[in-house]
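Asks: test case, fold it:
(one chain, ligands or ions: 1)
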Amino acid sequence: MLTQPSNIAPKQSRSAELLERFRTVRAATMHFCSPLSPEDMMVQSSPEASPVKWHLAHTSWFFETFILSEFVANYQPFDPNFHWLFNSYYRSLGEMPEKKLRASFSRPPLDQILSYRRHVDAAIERLLSHMPEDESQRRIVLGLEHEQQHLELAATDIKHAFFTNPLHPAYRPANPSLRPSENIAPPLNWLSFTPGTSARPGIVGIGTSPDPTDIYAFAFDNETPRHPIYLAPFQLASRPVMCAEYLAFIEDNGYSRPELWLSEGWDTLQAEGWQAPLYWVRDPATPAGWSIFTLQGFRPLGEISETPVCHLSFFEADAFARWSGNRLPTEFEWEFVASGVASGSGSPSGSGSPSTAGSPYAAGSPSTAGSPSTAGSPSIAGSPSIAGSPYAAGLAAGFSPLNNPSQTEGFSPGASHLRGNFMESGHLHPQVGSATAPTPQQLFGDVWEWTQSPYTGYPGYKPLPGALGEYNGKFMSSQIVLRGGSCVTPETHIRATYRNFFSPSTRWQFSGLRLARDGA
Ligand SMILES: [Fe+2]
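Replies: Reported below is the predicted structural model:
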């Protein structure tokens, strides 16, 4: 039976939008590689990282394995060996090389990997031009989200590779036209939240349940299903912790005081010899005594002391929070606040009044005043008014997250993007917050924010069927959730419900923290 033309047009048009997005995302990966040499793309400088060349092949492998081989009749794989060679961790598909051996992949050469990408690109383009079935389009959307995850990993992996190189090359020189507009971070203030409504105090919705009839309503399986939870009143800091504040922790012997550290964290600190975040190197020639390696090469701490601190493990983030007399937020507190920011509706809460009472640092905690890099910093002084905060408008609107299950869902052709310092900004490093932006600020972009939440399945969680069920679910042990994306996350990849996860000792991602505490 013929389908009515009126039904075909929108489907064709959305399929064309998906093709456009496919081209954009694949091109972004290649654009990122443009400053790199073939030799750069072969380096694997730690067991948890991968060579950029491997990322180029593996993302193509994903499209070939989960879309082309399943949905294209008589599809000819580029090279049958690639089926196992570029499998990352999908054990139900068979064996794969040990991850630490990826640095030995001088063969296949880069040219062949680039031909592989072109082969896959052409096949996906043909598929999308022939009105493919819904499931294949869903898989392409997943493949694009996967490609964006690996683009971010390529950025963090090459940063580590260049740091370990004795010449410490820059991925790209700093662009003078991208000088930050702000040099001093805004004060760090408390925002208070009393979740829920008077009828259901404390009850809020977390996660998402994408419309199953909308093949573009994407979320990873680990973000589903949307479900109610209880949240007690809490306070969240208006911005992430910045380098100058973290320096005060270092100078207060934070790395030598076991009472501040979780047991496993202290053991890791001892074993690894941690004295500062990853990429901080003592540099007596600079006023602050430290330089920090960035994708633009080394920069004195004094130049970027007002930017959010990053490359922290969960253990360091947790120790800093304890030192300051506070704690890390739960992932649910974070999402509750971020969902209001993402939806543009203002307040995430049906009740409660955000306030900015006091500094987030407990009385008696060392001040950053007097630190070589923070003299004159206003970061922990005073509390500005919140007049003009989007929360006031949101309170009036009576926004209730439980009644808005789709307000934070991800990719949809034509959807607007969240604002923040993402990969597309070109900074490739966290930036100073704005003195005039609404608070909370920098929830999205800049740094992934460690939460205190273990990575587990939500009530009713079901992994994707088949081998794709290995994508997220099998990592639900011994990992901690991070939220919000970073300065190397593609901007169309993030959403309020997005759950990143790493083992608690991980430091090579752009991971920082935002403080929280109990009570409204
Ligand atoms: Fe992957």
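Asks: please make it C-alpha for all contacts and neighbour counts, starting now.
Replies: Noted.
Asks: what sits up against the helix or strand that contains Ala122?
Replies: Using DSSP states H and E, Ala122 sits within helix 110-128. For helix 110-128, the external contacting residues (C-alpha atoms under 8 Å, 6 or more residues apart in numbering) are 15-16, 19, 38, 53, 56-57, 60, 63-64, 68, 72, 78, 137.
Asks: can you pick out the most distant pair from these?
Replies: Ser15 and Pro38 (34.5 Å; C-alpha to C-alpha).
Asks: which one's more surrounded, those two?
Replies: Ser15 (21 against 14; other C-alpha atoms under 10 Å).
Asks: could you check the pLDDT of that one?
Replies: Ser15 carries a pLDDT score of 86 in this model.
Asks: can you report how many residues neighbour the nearest residue to it once chain neighbours are set aside?
Replies: Sequence neighbours aside, Leu128 is the residue nearest to Ser15 in space, at 6.5 Å (criterion: C-alpha to C-alpha, 6 or more residues apart in numbering). Leu128 has 21 neighbours, counted by other C-alpha under 10 Å.
Asks: now Leu128: how far from Ile67?
Replies: Going from Leu128 to Ile67 by C-alpha to C-alpha, to the nearest Å gives 11 Å.
Asks: do Asp157 as well
Replies: In terms of C-alpha to C-alpha, Asp157 sits 27 Å off from Ile67.
Asks: and those two? Which one has more around it.
Replies: Per other C-alpha under 10 Å, whichever of Asp157 and Ile67 has more neighbours is Asp157, with 25 against 21.
Asks: does the nearest residue to Gly94 once chain neighbours are set aside lie in a helix or a strand, and which?
Replies: Distance criterion C-alpha to C-alpha, 6+ apart; nearest residue to Gly94, sequence neighbours excluded, is Trp84 at 7.1 Å. Following DSSP H and E, one finds Trp84 within helix 82-85.
Asks: buried ones in that helix, by neighbour count?
Replies: For helix 82-85, burial by neighbour count (16 or more other C-alpha atoms under 10 Å) applies to Phe82, His83, Leu85.
Asks: now do the last one, the pLDDT please.
Replies: This means Leu85. 93.
Asks: correct me if wrong: it contacts Leu93.
Replies: No - using C-alpha atoms under 8 Å, Leu85 is not in contact with Leu93, being 11.6 Å away.
Asks: tell me the contacts of Glu445?
Replies: Actually, residue 445 is Gly rather than Glu. Gly420, Asn421, Phe422, Pro430, Gly484, Gly485, Ser486, Cys487, Val488, Thr489, Glu491.
Asks: which pair in these spans the largest distance?
Replies: Every pair of the contacts of Gly445 checked by C-alpha to C-alpha; the farthest is Pro430 and Glu491, at 14.2 Å.
Asks: those two: which has the busier surroundings?
Replies: Ranked by neighbour count (other C-alpha under 10 Å), Pro430 and Glu491 place Pro430 first, with 25 against 22.
Asks: look up the pLDDT of the nearest residue to that one once chain neighbours are set aside for me, please.
Replies: With sequence-adjacent residues excluded and distances taken as C-alpha to C-alpha, 6+ apart, Pro430 is closest to Asp446, at 4.3 Å. Asp446 carries a pLDDT score of 98 in this model.
Asks: likewise for Arg91?
Replies: pLDDT, read off for Arg91, is 88.
Asks: roughly how far apart are it and Trp84?
Replies: 10 Å.
Asks: also Asp211?
Replies: 34 Å.
Asks: and Thr59, by the same measure?
Replies: 13 Å.
Asks: partner strands of the biggest strand by length in the chain, with direction?
Replies: Longest strand in the chain by number of residues (criterion: DSSP state E): strand 448-454. With DSSP bridges as the test, strand 448-454 is paired with strand 480-483 (antiparallel), strand 511-512 (parallel).
Asks: state the pLDDT value of the spatially closest residue to Arg327 that is not a sequence neighbour.
Replies: Among residues not flanking Arg327 along the chain, Ala321 sits closest, at 4.8 Å (C-alpha to C-alpha, 6+ apart). At Ala321, the predicted lDDT confidence score is 98.
Asks: next, Ala321: secondary structure please.
Replies: Using DSSP: H, G, I helix; E, B strand; the rest coil, the structure places Ala321 in helix.
Asks: which residues does it contact?
Replies: Arg327, Leu328, Leu515.
Asks: do the same with Thr29
Replies: Leu56, Glu147, Gln148, Leu151.
Asks: recalculate using a threshold of 10 Å.
Replies: Contacts here follow C-alpha atoms under 10 Å, 6 or more residues apart in numbering; on that basis Thr29 touches Val52, His55, Leu56, Thr59, Glu147, Gln148, His150, Leu151, Glu152, Ala154, Ala155.
Asks: how near is the last one to Thr24?
Replies: Translated: Ala155. Counting by C-alpha to C-alpha - Ala155 and Thr24 are separated by 18 Å.
Asks: check the fifth one too.
Replies: According to C-alpha to C-alpha, Glu147 and Thr24 sit 11 Å apart.
Asks: so between these two, which is more surrounded?
Replies: Glu147 (25 against 12).
Asks: host element of the nearest residue to that one once chain neighbours are set aside?
Replies: Nearest non-adjacent residue to Glu147, counting by C-alpha to C-alpha, 6+ apart: Thr59, 5.6 Å away. Secondary structure from DSSP H and E places Thr59 in helix 52-63.
Asks: tell me which other helices or strands that helix touches.
Replies: helix 5-33, helix 82-85, helix 110-128, helix 134-164 (3 or more C-alpha pairs under 10 Å, 6 or more residues apart in numbering; DSSP states H and E).
Asks: and that helix, average pLDDT?
Replies: Helix 52-63 comes out at a mean pLDDT of 98.
Asks: same deal with stretch 167-187?
Replies: Model confidence over stretch 167-187, given as mean pLDDT, is 86.
Asks: what comes up buried for that stretch?
Replies: Result for stretch 167-187 [16+ other C-alpha under 10 Å]: buried residues His168, Pro169, Ala170, Tyr171, Ala174, Asn183, Ile184, Ala185, Pro186, Pro187.
Asks: pick the one among those residues closest to Glu272.
Replies: Of the buried residues of stretch 167-187, the one sitting nearest to Glu272 (C-alpha to C-alpha) turns out to be His168, at 21.1 Å.
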